[in-house]
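*Asks:* Kindly return the folded structure for what I paste below:
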Amino acid sequence: MTTYDDRASLTDLTATAERVRSSVEGVIEGKPEVVRLSLTVLLAEGHLLIEDVPGVGKTMLAKALARSIDCSVRRIQFTPDLLPSDITGVSIWDQQRRDFEFKPGAIFAQIVIGDEINRASPKTQSALLESLEERQVTIDGQTYELPSPFMVVATQNPVEMEGTYPLPEAQRDRFMARVSIGYPSAEAELQMLDVHGSVNPLDDLQPVAHAHDIVKLIDAVRTVYVADAIRRYAVDLVAATRTHPDLRLGASPRATLHLLRAAKAAAALGGRDYALPDDVQALAVAVLAHRLLPTAQAQLNRRTAEQVVEEILQRTPVPAGHQQSGLSTGRGAPAYDQQPPRRL
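*Replies:* Modelled structure (predicted):
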């Protein structure tokens, strides 16, 4: 087992992640925080929901991330007439073999791009539930495992209502994080005109990492040390959403798990073998807000789920010894808790 005495795993992780980040940022100008969150979700074994207005690069971000990794990629264009079998696959009778043969659907890829996911009917959307959570597909009583790594990057338009079906809470809860790209700055938009005006930058995008490299990095992220105080802090944040007066639906236990996984990935991307409250705080809005349902009164008062999460972050006490970020002792051990095990 590789240990942090030589820090080989952490060095490999940060170097590989840096290559992927640079590759994606070559296509998505001026949005480093969005690219970093996408990488965090990938290494945390999660799925990403990109929700924003048309034309800001939602599909471009998903494609750039997929093409930067040498792995199988499938795109699903969600439409009202899309069938569940188009996603999961179907068993077809083979006359020669006199038996049913399974034809895999578009979900059988390592990175799946779901474009305009809210345009499909609720029945079709439900076909993703098992895949998103259990990373498998069950057809006619037979279970088929999905490849590893496996990540769904879905896009949707939050302002266009005609011909769309809002994602049910059960499906939104299965996405680790939601990100909004937002409009670019004036400088980034000018650069975009220069780069995108004559050629498509995706055409020249080459893979900078292999699928097996990503699997190794995911294994490394799993062993990032999280102190008991940090775990309790995450639980307190999520529990506060369940009793907040402006929310009629708080975050689930799955949200707590996703928040800790994302914090571990963020710590590793930051070059640390341990997580800090800063990692949890930085990801809380992206991981929790899309799972919350404001009350009718909160909506009338124009209170958003993001604002509620920010308020909870301000009110929830940070674990003792963490009021300042980056507290550490020695080689990288947290100052607030016992020495973490030397592993990864």
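*Asks:* got the contact list for the nearest residue to Pro158 once chain neighbours are set aside?
*Replies:* Nearest-residue entry for Pro158: Glu51, 5.2 Å, with adjacent residues in sequence omitted and distances by C-beta to C-beta, 6 or more residues apart in numbering. Placement of C-beta: from N, CA and C, glycine included. Counting by C-beta atoms under 8 Å, 6 or more residues apart in numbering, Glu51 makes contact with Lys58, Thr155, Gln156, Asn157, Pro158, Arg178, Val179, Ser180, His290.
*Asks:* Give me the three-state assignment for the residue nearest to Glu25 when sequence neighbours are not counted.
*Replies:* Take Glu25 and drop its neighbours on the chain: the residue closest to it by C-beta to C-beta, 6+ apart is Val35, 5.4 Å away. Three-state call for Val35 (DSSP: H, G, I helix; E, B strand; the rest coil): helix.
*Asks:* Ala186 is in contact with Glu29, correct?
*Replies:* No: the criterion here is C-beta atoms under 8 Å, and Glu29 misses it with Ala186 at 11.6 Å.
*Asks:* Which of these two has more residues huddled nearby?
*Replies:* The neighbour count for Glu29 versus Ala186, taken as other C-beta atoms under 10 Å, is higher for Glu29 (20 against 9).
*Asks:* tally of neighbours for the residue nearest to Glu25?
*Replies:* Around Val35 there are 22 residues (other C-beta under 10 Å).
*Asks:* Same question for the one 3 residues further on.
*Replies:* By other C-beta under 10 Å, 25 other residues sit near Ser38.
*Asks:* Then Glu169?
*Replies:* Per other C-beta under 10 Å, the neighbour tally for Glu169 reads 14.
*Asks:* how far away is it from Leu276?
*Replies:* Note on Glu169: its distance to Leu276, by C-beta to C-beta, to the nearest Å, is 30 Å.
*Asks:* secondary structure element for the residue lying farthest from the centre of the chain?
*Replies:* For the chain, the residue at maximal distance from the C-alpha centroid (C-alpha atoms, centre = their mean) is Gln96, at 43.5 Å. Gln96 is part of no helix or strand, with elements assigned from DSSP states H and E.
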